[in-house]
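J.: predicted coordinates and the sequence they were generated for:
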Amino acid sequence: MINRKIVAATVAAIGMSAYAVTAQSPAANMSFFVTSANAKGGNLGGLAGADQVCQGLAKAAGAGNKTWHAYLSTSTVDAKTRIGNGPWYNFKGELIAQNIADLHTPDKNKMSGTTSLTEKGTKPNYLAMVDGKPAPTAQPLQHDILTGTNEDGTKNADTCNNWTVGDASAKAMLGHADRLGRNPGVNPWNASHPSQGCGLEQLAPTGGAGLLYCFATN
């Protein structure tokens, strides 16, 4: 009986060691991620609530020592003024943009379906291109990201009423995290099209799950 307990304990210890080796941790310089989840849709409790989502996910991933803000605009705030000055790096430590100007310049930022990673190092379900056309996805598409923002980082009229509405009574401007879409060429990462509404049931039909962009401000 004692030997069996020793063997079981040893196997458990080996299993935990293997998990520790294979579990991913973000790069020390991670300062950008796409949220891995958002069950609230557009009703985030305003900017403060959205920032709490980013901060909480970052903390859980081991990057809570930085100040995280959601890339969102309101009727009085431009998203580009909320996220610091850069540079910003993803989970793997890959450069996303050197500064605000590069982030909002299509051929200078590095946002794509391979670099727009979550705080866990995973990729939401993005589009793939086959023969120059978007390929169908086996799972619900998740490349629509809530921003309420124009391509230049300034406020758009559609912000889910300043991120306090989670139903069909308001809309949000959405970006494409993979920069792919039904429109030819590179699609904007922060301003591709408005949503059908602000609830998860209105976001899903166009390819969204209410996900956010989070940036470290320091």
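T.: Thanks, I have it. Residues are numbered from 1 along each chain as shown.
J.: check contacts around the residue nearest in space to the middle of the chain.
T.: Compute the mean C-alpha point of the chain, and by CA atoms, centre = their mean the closest residue is residue 34, 1.6 Å away. Neighbouring residues of residue 34 by CB atoms under 8 Å, 6 or more residues apart in numbering: 116-118, 124, 145, 177, 211-214. Every C-beta, even on glycine, is put in place using the N, C-alpha and C of the backbone.
J.: change it to 7 Å
T.: Contacts of residue 34 were listed using CB atoms under 7 Å, 6 or more residues apart in numbering, and they are 116-118, 124, 145, 177, 211, 213.
J.: beta partners of it?
T.: residue 118, residue 213 (DSSP bridges).
J.: how close does it sit to residue 133?
T.: 24 Å (CB to CB, to the nearest Å).
J.: do residue 44 as well
T.: Taken as CB to CB, the span from residue 44 to residue 133 is 34 Å.
J.: who has more neighbours, those two?
T.: residue 44 (26 against 12; other CB atoms under 10 Å).
J.: so the more buried one makes contact with residue 161?
T.: No: if you go by CB atoms under 7 Å, residue 44 and residue 161 don't touch, sitting 10.9 Å apart.
J.: lowest-pLDDT helix or strand in this protein?
T.: helix 2-22 (a mean of 42; mean pLDDT, DSSP states H and E).
J.: pick out the most distant pair among the contacts of residue 34.
T.: 117 and 145 (12.8 Å; CB to CB).
J.: for the protein, which spans come out with low pLDDT?
T.: 1-23 (pLDDT under 70).
J.: residue 196 and residue 208 touch, don't they?
T.: No: counting by CB under 7 Å, residue 208 is not a contact partner of residue 196; they are 9.4 Å apart.
J.: comparing the two, which residue is more hemmed in?
T.: residue 208 (27 against 16).
J.: who are the contact partners of the more buried one?
T.: 142, 144, 174, 195.
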